[in-house]
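Participant: I would like the atomic coordinates for the input below:
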Amino acid sequence: MQDSFVDLLKLLLPEIIVDYFELTSYKKGDEILHLYLKEVNSIPKEYLQS
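Facilitator: Sure, this is the predicted structure:
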């Protein structure tokens, strides 16, 4: 993905989406944008034991 496009999406999408999903591809139409995301296999910080 283009880094500038990903940076823009980070501003538009909720933080939880950015933290736990990775943008794999996108399609743009006349008036619509389809984002395809892949879930990142990571444990949330709240669930890690210290």
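Participant: Paired strands for the helix or strand that contains residue 38, with orientation please.
Facilitator: Element membership of residue 38 [criterion: DSSP states H and E] is strand 33-39. Sheet pairing for strand 33-39, assigned by DSSP bridges, gives strand 21-28 (antiparallel).
Participant: where's the strand it pairs with relative to the chain centroid, distance-wise?
Facilitator: 8 Å (CA atoms, centre = their mean, to the nearest Å).
Participant: Kindly report the same for stretch 43-50.
Facilitator: With CA atoms, centre = their mean, you get 20 Å for stretch 43-50.
Participant: what sits up against it?
Facilitator: With CB atoms under 8 Å, 6 or more residues apart in numbering as the test, stretch 43-50 has contacts from residue 20. All C-beta atoms are positioned from the backbone trio N, CA, C, and that covers glycine.
Participant: Brilliant, that's me finished.
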